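*Asks:* Sequence and predicted structure, then a few things I'm wondering about:
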Amino acid sequence: MGLAAIHISKAENFPAFFYGQNYMGTLEAYLAAPIFALFGPSVISLRIPNLLLFGSFLVIMWRLVDQLYRSRWFTLLIVGILALGSDRILKNQMISGGGYPEINPAGAGLMLLAVGLAADRYRHRGAAFAAWGFIAGLMIWVDPLVLPYILCAGAVLAIFTKKEIIWSGGALLAGGTLIGATPLIAHSISSRVNPISVLLTLSGSSEASPWMDHLYGGMIFGIPMGMGFCAPSECTPWQLWWGLAFPLLLLVAAIATLASIRHEEGIQKVTSVAHLGLLIGAALTILAYVRSSAAADTPVESARYLSCLLISLPAALWPLWESLQSRVVVWRVASATILAATAISTLVATAGVVAIAPNMRDLAQQRDNMIARLEQLGVTHVFSEYWTCNNITFATNESIVCAVIDEGDLSPGLNRYLPHLEAVQDSSDPAYVLPVDSPANPVVTRLLSTNQTSPAIVSVPGYHIYLPSS
């Protein structure tokens, strides 16, 4: 995403999607590009839009929770929990990995707009319909993960504003959606790629892994990891409780809502339908993820696919909050215990991130020192593993071009931007840069060794630099 922002800021290229794939729109790159043009590429410049998006998510959730549940203390509890940041949450907020910083404020914003239109709270209703369509279209381009929430917010609109949707409201919705999805439509026409086929491929299930692996990785482990209840890259056994509790809370809340909604009218019915929509959005998100191969094969990194579940957190916890007023002591104690455990779990996860912050700073410093050493050595073309490679290219504003290699046999790896691979392959003197613990180190040593000499190696903390023979 950073490389795309560099190219956009220089007007060299205007990619619709993450380089090397036909999904995950580059909205973050377009937001960062003006900052790059003014101040130059940097990690801080890349993250400024993401931090603003996270701030907007908290503001939107405050408005949405306040409108649906009319309890300032409950609203404060929810926003307080959402403001905490575990390792997974901070990655979603700050790393421009495609879609994650923007889908949560967009999903919550769509439900907020739907509730406002259904409750007749907007004076300029036409603008609200157009805005809803534009945000929905934009998110269809950016990331399909938010589709369950688009569908549920759309259902709220369809139920309560169906007369307007048939006429002018529908035209404004459709027009806004088409404008928001313009990058997706233009790319599909120019590249002849069917976005529906891409979506079906991404949502396909895997037959290779047992279903127990899907259930564990997708629900028991995936939900607490994806929602920020776990330590960095791992969930201890006690933190897995949320993987069972959250689906159960969704079910209980849905049953209670369905039992009461038929007797409600007016604003109360609007809020109940929206509440139910948040519950269904979470259930659809979990179901889609459990079916995917990622849940079983790569549960740690793929847990980010459940980040939208944070939108549904208030809907899951609301019955517990209501139970605090119950006359039955057991219900009050049980509800207070679960609410407290939820808050404590996120606090513990946040403390875990704070504890490893010095290590993260050390790793960042090692990476900066390695790049500075490359520049001192006059290296312009390098081979490396995926994460090191992308960091080098971005940090040097492409003055050092890097190609990704497979760490097993040194064949071309996941090179998202093929011109970089071609440039390094065509270079007469590429270097190799590898982390000290990379399994590729002995392979590179054998490759560059001759009968008489060993390769020239420059070691810096955390990395080995293999220089071409002179």
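*Replies:* In hand now; what should we look at?
*Asks:* Who are the contact partners of residue 184?
*Replies:* 16, 25, 140-141, 195 (Cβ atoms under 8 Å, 6 or more residues apart in numbering). To be clear about C-beta, it is placed using only N, CA and C from the backbone, and glycine gets the same treatment.
*Asks:* In a markdown table, list those along with pLDDT and secondary structure.
*Replies:* Putting the contacts of residue 184 into a markdown table (pLDDT from 0 to 100; DSSP: H, G, I helix; E, B strand; the rest coil) gives the following:
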| residue | pLDDT | secondary structure |
| --- | --- | --- |
| 16 | 92 | coil |
| 25 | 90 | strand |
| 140 | 95 | helix |
| 141 | 95 | helix |
| 195 | 82 | helix |
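*Asks:* what two of these are the furthest from one another?
*Replies:* For the contacts of residue 184, the maximum inter-member distance is 12.4 Å, found between 16 and 140 (Cβ to Cβ).
*Asks:* Can you show me the helices along the stretch 301-450 of the chain?
*Replies:* 313-323, 329-377, 386-395, 418-426, 441-448 (DSSP state H, counting those that start in this stretch).
*Asks:* Lowest average pLDDT across these?
*Replies:* For the helices of the stretch 301-450 of the chain, mean pLDDT drops lowest on helix 441-448, to a mean of 89.
*Asks:* got the angle between whatever helix or strand comes next after it and helix 329-377?
*Replies:* Using DSSP states H and E, the helix or strand that follows helix 441-448 in sequence is strand 456-460. Interaxial angle, strand 456-460 versus helix 329-377 (axes from the mean of the first three to the mean of the last three Cα atoms, to 10 degrees): 140 degrees.
*Asks:* what does the following helix or strand past strand 456-460 contact?
*Replies:* Later in the chain than strand 456-460, the nearest helix or strand by DSSP H and E is strand 463-467. For strand 463-467, the external contacting residues (Cβ under 8 Å, 6+ apart) are 366, 370, 373-374, 377, 379, 388, 431-436, 441, 444-445, 448, 455-459.
*Asks:* From the chain's centre, how far out is stretch 347-362? Work that out for me.
*Replies:* Its chain's C-alpha centre and that of stretch 347-362 lie 20 Å apart, by Cα atoms, centre = their mean, to the nearest Å.
*Asks:* err, stretch 356-368, not the other one
*Replies:* That offset, for stretch 356-368, works out to 23 Å (Cα atoms, centre = their mean).
*Asks:* The chain should start at 48 in everything you say after this.
*Replies:* Sure, I'll start counting at 48 from here, so that last one is stretch 403-415.
*Asks:* now the residue positioned nearest the centre of the chain: how far from residue 331?
*Replies:* Central residue check for the chain by Cα atoms, centre = their mean: the C-alpha nearest the mean position is that of residue 147, 2.4 Å away. As judged by Cβ to Cβ, to the nearest Å, residue 147 and residue 331 stand 18 Å apart.
*Asks:* Then residue 69?
*Replies:* 23 Å.
*Asks:* I'd say the residue nearest to the centre of the chain and residue 136 touch.
*Replies:* No: contact between residue 147 and residue 136 fails when scored by Cβ atoms under 8 Å: they sit 9.8 Å apart.
*Asks:* So for these two, which residues contact both of them?
*Replies:* residue 354.
*Asks:* Can you give me the neighbour number for the residue lying closest to residue 48 once chain neighbours are set aside?
*Replies:* Nearest residue to residue 48 in three dimensions, chain neighbours excluded: residue 143, at 3.8 Å (Cβ to Cβ, 6 or more residues apart in numbering). By other Cβ atoms under 10 Å, 23 other residues sit near residue 143.
*Asks:* got the contact list for residue 143?
*Replies:* By Cβ under 8 Å, 6+ apart, the residues touching residue 143 are 48-49, 52, 75-76, 79, 93-94, 97.
*Asks:* Might you specify the subset of those located within helices?
*Replies:* 49, 52, 75-76, 79, 93-94, 97 (DSSP state H).
*Asks:* what's the most distant pair in these?
*Replies:* Checking those with Cβ to Cβ, the most distant pair is 76 and 94, at 12.6 Å.
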